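Novice: Based on what follows, work out the 3D shape:
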Amino acid sequence: MTTVLTPASPLTAADRCDRCGAQAYLRVLLASGGELLFCAHHGRKFEPELKKIAAEIQDETDRLTVTPSSAEDDER
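Specialist: So this is what the prediction gives:
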């Protein structure tokens, strides 16, 4: 049997960290099946161990440093 991985959908504000409940910016697809969601803080904290058990890690932490195009000049 061939397994096809489909791209994961982008994380939204409704996706919450499994550790603390903050907005999730990392989705970890486990090699054993299932997924875990983490905020940036807990994603960094558990990264070494997660890499050992992950089939894929979707990292959207770069969204934390992006200035929205709708921001006023004095907000940039």
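Novice: So which residue is dead centre in the protein?
Specialist: residue 26 (1.3 Å; C-alpha atoms, centre = their mean).
Novice: Phi, psi for that residue please.
Specialist: Main-chain torsions, residue 26, degrees, to the nearest 10: phi -130, psi 130.
Novice: What of the one 4 residues further on?
Specialist: The phi/psi pair for residue 30 (degrees, to the nearest 10) reads phi -80, psi 150.
Novice: Over to residue 31?
Specialist: phi -60, psi -30.
Novice: Not counting residues beside it along the chain, what's closest to residue 19?
Specialist: What sits nearest to residue 19 in space, not counting adjacent residues and going by C-beta to C-beta, 6 or more residues apart in numbering, is residue 42, at 4.4 Å. Yep, even glycine has a C-beta here, placed from its N, CA and C like the rest.
Novice: can you pull the buried residues of the one helix or strand that neighbour maps to?
Specialist: Secondary structure from DSSP states H and E places residue 42 in helix 40-53. Within helix 40-53, the residues scored as buried using 16 or more other C-beta atoms under 10 Å are 40, 42, 43, 50.
Novice: could you redo those residues as CSV and give each row pLDDT?
Specialist: Converted to CSV, the buried residues of helix 40-53 look like this (pLDDT from 0 to 100):
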residue, pLDDT
40, 96
42, 97
43, 96
50, 95
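Novice: For the chain, which residues score under the pLDDT cut-off?
Specialist: 1-7, 71, 73-76 (pLDDT under 70).
Novice: wait, isn't the residue nearest to the centre of the chain in contact with residue 64?
Specialist: No: under the contact definition of C-beta atoms under 8 Å, residue 26 does not touch residue 64, with a separation of 11.2 Å.
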